[in-house]
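Trainee: just coords:
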Ligand SMILES: NC(=O)c1ccc[n+]([C@@H]2O[C@H](COP(=O)([O-])OP(=O)(O)OC[C@H]3O[C@@H](n4cnc5c(N)ncnc54)[C@H](OP(=O)(O)O)[C@@H]3O)[C@@H](O)[C@H]2O)c1
């Protein structure tokens, strides 16, 4: 199968930007579909042979038209929270987008899809709307009868310079004076580095052995959430006492945060965290990718952003903002 031009859905996000960089290095022509071109211009438009195109991927005609000159598609669309709690938002972003993508690929004779899923995604037994809908999207794509070869990627939490995990806890820790209450403190994660995730996607793209596979992606070590938050505070040089909340209080906190705009934590997040996000087997090994440790990468960007924020403080003190 010859792949020259790839359509990327969700390519403007955290993982997408790294993936576009890497695919661009490999010489692929990329078509990144976004809901808002102006907002998502960032560094992407500087990449050679990358076209950033505004399109409504929920509109099957628009999606099919955009895919008409592509040889493969990569779906990175994902949300962690929805408006309300019915699951409709997750279904739309994960399942309906996958269905539209499948239809558009079929219409255009595209025979290769890479699907970004999540560890513990499971249409039947997923504990949250997030995990159920991710599982449903995966199954829908893998079960196609149209000869479209699908590979799914199921990472634990992903870290890297612009992640929303360590950076978010860093922000919260800085805002909290001395004591930091933590819900779901015992949930386990095996954070995986974004460039390792991107590498396995690039390796799989043209490899027939990856067809039909659902790769689990983890870092080399698992930690409890409490350990990860304590580590974040340590890297930032902040003295904070992390107070673990018991299960009932965690649940109540999630239910209260459901009503805060932007949902920093939600009932659905709480339910996802009831299953440890760790791999039975780390499939990065399939392509001899040696996963980077949290300790070797996270300080390089957390301390950098901490330096930048001090810089902003100094400018503000000097009334230069
Ligand atoms: N980051 C992690 O720790 C992690 C862990 C496991 C799995 N994943 C999965 O990896 C994928 C990429 O994650 P990420 O961290 O890069 O996410 P991200 O930064 O939020 O990017 C996702 C992109 O999807 C598009 N998008 C979001 N909501 C949408 C909607 N309702 N309709 C259409 N487009 C929408 C956005 O693109 P536009 O604004 O340009 O339209 C956004 O840039 C997701 O599928 C996520 O579930 C991530």
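Mentor: Received, thanks. Everything numeric in this text was worked out from a predicted model, so none of it was measured. Numbering: from 1, shown residues only.
Trainee: ok, residue 115 to residue 127 distance?
Mentor: For residue 115, the distance to residue 127 (Cβ to Cβ, to the nearest Å) stands at 21 Å. All C-beta atoms are positioned from the backbone trio N, CA, C, and that covers glycine.
Trainee: phi, psi for residue 302 please.
Mentor: Torsion angles at residue 302 (phi, psi; degrees, to the nearest 10) stand at phi -70, psi -40.
Trainee: quick revisit: with neighbour numbers in mind, choose between residue 115 and residue 127.
Mentor: Between residue 115 and residue 127, counting by other Cβ atoms under 10 Å, residue 115 is the more crowded of the two (26 against 16).
Trainee: enumerate every residue touching residue 19.
Mentor: By Cβ atoms under 8 Å, 6 or more residues apart in numbering, residue 19 lies in contact with 8, 11, 74, 76, 198, 201-202.
Trainee: would you list the residues you listed in CSV and tack on secondary structure, distance to the ligand and neighbour count?
Mentor: Shown next, in CSV, are the contacts of residue 19 (DSSP: H, G, I helix; E, B strand; the rest coil; distance: Cβ to the nearest ligand atom, whole Å; neighbours: other Cβ atoms under 10 Å):
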residue, secondary structure, distance to the ligand, neighbour count
8, strand, 10, 27
11, coil, 7, 26
74, strand, 10, 27
76, coil, 4, 21
198, helix, 10, 22
201, helix, 11, 23
202, helix, 15, 17
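Trainee: of these, closest to residue 269?
Mentor: Distance to residue 269 across the contacts of residue 19 (Cβ to Cβ) is lowest for residue 76, with 19.6 Å.
Trainee: nearest residue to that closest one other than its sequence neighbours?
Mentor: residue 10 (3.3 Å; Cβ to Cβ, 6 or more residues apart in numbering).
Trainee: ditto for residue 301
Mentor: residue 161 (4.3 Å).
Trainee: same check on residue 98?
Mentor: Excluding its sequence neighbours, the residue lying closest to residue 98 (Cβ to Cβ, 6+ apart) is residue 137, at 3.8 Å.
Trainee: hey, where'd the helices end up in the stretch 51-200 of the chain?
Mentor: Here the stretch 51-200 of the chain has its helices, by DSSP state H, counting those that start in this stretch, at 60-67, 88-90, 97-107, 129-142, 166-175, 194-205.
Trainee: and residue 241, which of these is closest to it?
Mentor: helix 166-175 (11.2 Å).
Trainee: that closest one close to the ligand?
Mentor: No - Helix 166-175 is not in contact with the ligand by Cβ under 6 Å from any ligand atom; minimum separation 10.0 Å.
Trainee: which helices and strands does that helix pack with?
Mentor: Counting contacts by 3 or more Cβ pairs under 8 Å, 6 or more residues apart in numbering; DSSP states H and E, helix 166-175 is packed against helix 225-236, helix 294-317.
Trainee: for those helices, which has the smallest mean pLDDT value?
Mentor: The minimum mean pLDDT among the helices and strands packed on helix 166-175 belongs to helix 294-317 (a mean of 69).
Trainee: residues in contact with residue 262?
Mentor: The neighbours of residue 262, taking Cβ under 8 Å, 6+ apart as the test, are residue 81.
Trainee: check residue 265 too.
Mentor: By Cβ under 8 Å, 6+ apart, the neighbours of residue 265 are 183, 253-254, 257.
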